[in-house]
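Novice: Compute the structure for the input listed below.
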Amino acid sequence: MESAPEQCHLPPPGFRGIYRADPLARAVYSEAAGIARIVPAAVAVPVDADDVITLARWASESSLSIIPRGSGTSMGGGAIGPGVIVDLSRMNEIREVDVQEKTVWCGPGALRGMVNKAAESKGFRFPVDPSSGNYCTIGGMASTNAAGAHTLGFGATRRWVVALDCIFDDGSRATIERGHPLPDGIPAIERFIEQASERILHEGLRPDATHEGLSKDSSGYGIHAFAQSGELVDLLVGSEGTLALIVGVKLSLIESARATSGILGAFSSLEHAVNAAVAARAAGAVACELLDRTFLDVATSGAPHSPVAALDSVPPGTEAVLLAEVEGESFQAANLAASELALSFEETGATSVRIASGVAEQEEIWELRHAASPILSKLDPALKSMQFIEDGAVPSKHLAEYVRGVRMALDNHRVRGVIFGHAGDSHMHVNPLIDVSKQDWRNKVEALLDDIVALTARLDGTLSGEHGDGRLRTPLLDRVWSTEARALFTLVKRAFDPKGILNPGVKIPLGNQRSLTDIKYDPNLAALPPEARRALDHVADDRAYSELRLSLVPIAGQK
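Specialist: The predicted structure follows:
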């Protein structure tokens, strides 16, 4: 590993949290859930907002970059970087739920699952549910405008954020809350008002300032959302730590579901499945997931953990499966809604439909949706599941064409892959399986990425429906965003972060920045220290993302 810059060897004066610049600490923060590896200069774990202020001021005065990070579930590389990692995961306070207001304040490191548990204890829920919900942080969700299976019914994170407690580039701190005036005396906000606000309020409403026809998008800055609402919260959500450091989030909650019911539909054609997904959305389904035949092929491969019980409902020759969920004021109402949706599936061409009304039945069919990772991990060790085209979304009219195009690209490059995702939102995840023992594996990755970006652009889609741009997709934004939109992105970044210290290389590309740099699966990449490698493998294999990484690689002589 390269040595850290000299000014990073010691913590800033007055910093009270954990600060380490030793090789083990840096190595264990060099990877996140995505494919990239970047060894940081140092790692800081603040104990509170005052510590974050100290770090921000120090970084500004020293011209150092800082990269905020939660649990490290980032797929696009936004939580790794060459500067100082600021691990906010220990700032995990969850305050008392405000029953009257239906809100809760929490720290950026609060786990989504724990926040929802606190809400449920009062009869409420936070309905945004990414698959990593048990171990991803609320700060990370706000930073990426995260979504999940139930975005179909409840939208992505942005609409549920009431207020953000922010620390800006110079260490100034302010709370930005919907329906309240912007705070005075914050240089970053004053620059934004003077240099960018009016232009974005005007130009952000143009068609090229958004991806029209999409129900999910976490790419670029939320200029269109800001232009519609005039609320700065909408611009800060989804900014991936490039405009401010989030040290507190106030979330809106809704009442817990009274009753739910599930539907599994099998389809012999992709078009039928897509039409059924559109019908499910119109019928008020709160979730509708698609499992392509590429997914089903893996699930029926005989590998350990295959969810055989759910697969009994899937006839041979199935091209796609839809899993949907409906809610009702009572079990009878939920079951009636499920029956009506099942009939809609049949009318749209389903060859088999199963209603799951009980809790055990619903868990059984949804187990199929969550089967990909454990099955893929048991395949040929030479095959690495590399999620580098894993977050594309397109207008619903193009969904079937998008899935077919991804299939064709995989076939053309002779790469096996698994396709699944949020059909109701026309948003697909792709897990290409790359054989890193082959000499040309990297050429295949680069060519496949290029083909899928071209496909997404042709279909007026986005490269990121819910995971953010990160360092993976930022260099590709010129292919899916207009010149005018990217000019507004740059205007926003310069107003909030003129020195470029906040997560540089995310949202706004640096000179000569490339999407694919060091890939952590590369057998020719220099090995990390064994202790760090074991820790990172434990995190990935056991889904232990909520564990503090520094606790896994203690300093010599410490336990």
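
Novice: alpha carbons only for contacts and neighbour counts from here, please
Specialist: Fine.

Novice: can you tell me which residue is nearest the centre of the chain?
Specialist: Nearest to the mean C-alpha position of the chain, by CA atoms, centre = their mean, lies residue 467 at 2.6 Å.

Novice: Can you say which helix or strand has that one in it?
Specialist: For residue 467, there is no host helix or strand (DSSP states H and E).

Novice: Surely it is in contact with residue 218?
Specialist: Yes - in this structure residue 467 lies within contact range of residue 218 using CA atoms under 8 Å: 6.5 Å.

Novice: which residues do those two both contact?
Specialist: Common contact partners of residue 467 and residue 218 (CA atoms under 8 Å, 6 or more residues apart in numbering): 144, 145, 146.

Novice: possible to save the residues you listed as a markdown table with neighbour count and secondary structure?
Specialist: Formatted as a markdown table, the shared contacts of residue 467 and residue 218 follow (neighbours: other CA atoms under 10 Å; DSSP: H, G, I helix; E, B strand; the rest coil):
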| residue | neighbour count | secondary structure |
| --- | --- | --- |
| 144 | 30 | helix |
| 145 | 31 | coil |
| 146 | 26 | coil |
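
Novice: Could you dump these into a markdown table and include distance to residue 387 and pLDDT?
Specialist: Output for the shared contacts of residue 467 and residue 218, formatted as a markdown table (distance: CA to CA, whole Å; pLDDT from 0 to 100):
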| residue | distance to residue 387 | pLDDT |
| --- | --- | --- |
| 144 | 17 | 97 |
| 145 | 19 | 98 |
| 146 | 17 | 97 |
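
Novice: Would you map the strands across the stretch 351-500 of the chain?
Specialist: For the stretch 351-500 of the chain, the strands defined by DSSP state E, counting those that start in this stretch occupy 383-385, 392-393, 416-422, 427-435.

Novice: before we move on, what about the stretch 201-350 of the chain?
Specialist: Taking DSSP E, counting those that start in this stretch as the test, the strands found in the stretch 201-350 of the chain are 245-252, 254-255, 259-267, 287-292, 320-328, 350-356.

Novice: want to try TSV for these, with mean pLDDT and distance to residue 518 as columns?
Specialist: Formatted as TSV, those follow (pLDDT from 0 to 100; distance: least, CA to CA, whole Å):
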stretch	mean pLDDT	distance to residue 518
strand 245-252	98	26
strand 254-255	97	43
strand 259-267	95	40
strand 287-292	93	30
strand 320-328	95	35
strand 350-356	94	44
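
Novice: okay, the ones you listed in TSV with mean neighbour count next?
Specialist: Putting the strands of the stretch 201-350 of the chain into TSV (neighbours: other CA atoms under 10 Å) gives the following:
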stretch	mean neighbour count
strand 245-252	25
strand 254-255	15
strand 259-267	25
strand 287-292	26
strand 320-328	26
strand 350-356	20
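
Novice: Quick one: closest of these to residue 10.
Specialist: When these are compared for distance to residue 10 using CA to CA, the nearest one is strand 245-252, at 21.5 Å.

Novice: Tell me which residues are up against the closest one.
Specialist: 49, 68, 88, 91, 102-108, 126, 138-139, 160-168.

Novice: swap in stretch 328-340?
Specialist: 257, 258, 259, 260, 261, 262, 263, 325, 326, 327, 355, 357.

Novice: Which pLDDT value belongs to residue 297?
Specialist: Per-residue pLDDT puts residue 297 at 83.

Novice: what's the answer for residue 302, then?
Specialist: Predicted confidence (pLDDT) for residue 302: 56.

Novice: Same check on residue 523?
Specialist: 94.

Novice: before we move on, which element is it in?
Specialist: Using DSSP H and E, residue 523 falls outside every helix and strand.

Novice: what about it, how many neighbours?
Specialist: For residue 523, the count of nearby residues is 10 (other CA atoms under 10 Å).

Novice: Ok, residue 134 next?
Specialist: If you count neighbours by other CA under 10 Å, residue 134 ends up with 18.
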